[in-house]
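**Q** below is the sequence, then the predicted model.
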Amino acid sequence: MAAKQTDKDAAKNPDTAADAPDFADIAGMSYEQARTELIGVVQGLENPEAPLEDTMQLWDRGEALAGHCQKILDAAAAKLAARQAESA
């Protein structure tokens, strides 16, 4: 039987299934689209008067956008490395 998750446990692992935001729309974005939105997220995070809950939601979306951008960049780097290896 699984133990009940406490608030303290949730603070240690905020990405539980119940709390994890759904950013499925990000998966279909191009690098440029995700980067442009990420810039807007950063600008929103720089607003000192934004409510904490809004800031946390922006942070989560920014993390997802940054991860998506990194995945695209990693794939491009791997593709370039493979092409360089083929031509060597």
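**A** Right, received. Where do you want to start?
**Q** who's in contact with residue 42?
**A** Residue 42 is in contact with residue 62, counting by Cβ atoms under 8 Å, 6 or more residues apart in numbering. All C-beta atoms are positioned from the backbone trio N, CA, C, and that covers glycine.
**Q** how about residue 72?
**A** Counted by Cβ under 8 Å, 6+ apart, residue 72 has contacts 30, 31, 34.
**Q** centre of the chain to the host helix or strand of it, how far?
**A** Here residue 72, judged by DSSP states H and E, is contained in helix 52-87. Relative to its parent chain, helix 52-87 has a centroid offset of 8 Å by Cα atoms, centre = their mean, to the nearest Å.
**Q** for residue 75, state which of the contacts of residue 72 is nearest.
**A** residue 31 (9.8 Å; Cβ to Cβ).
**Q** tell me, how many residues neighbour that closest one?
**A** 15 (other Cβ atoms under 10 Å).
**Q** pretty sure it sits against residue 71.
**A** No - between residue 31 and residue 71 there is no contact under Cβ atoms under 8 Å: 9.5 Å.
**Q** list residues touching both of the two?
**A** Counting by Cβ under 8 Å, 6+ apart, residue 31 and residue 71 have no shared contacts at all.
**Q** can you pull the pLDDT of the residue nearest the centre of the chain?
**A** In the chain, the centroid-proximal residue (Cα atoms, centre = their mean) is residue 64; its distance is 1.2 Å. With respect to pLDDT, residue 64 has a value of 98.
**Q** so how far is stretch 32-42 off the chain centroid?
**A** Worked out by Cα atoms, centre = their mean, stretch 32-42 lies 11 Å from the chain centre.
**Q** buried set for stretch 42-55?
**A** For stretch 42-55, burial by neighbour count (16 or more other Cβ atoms under 10 Å) applies to residue 44.
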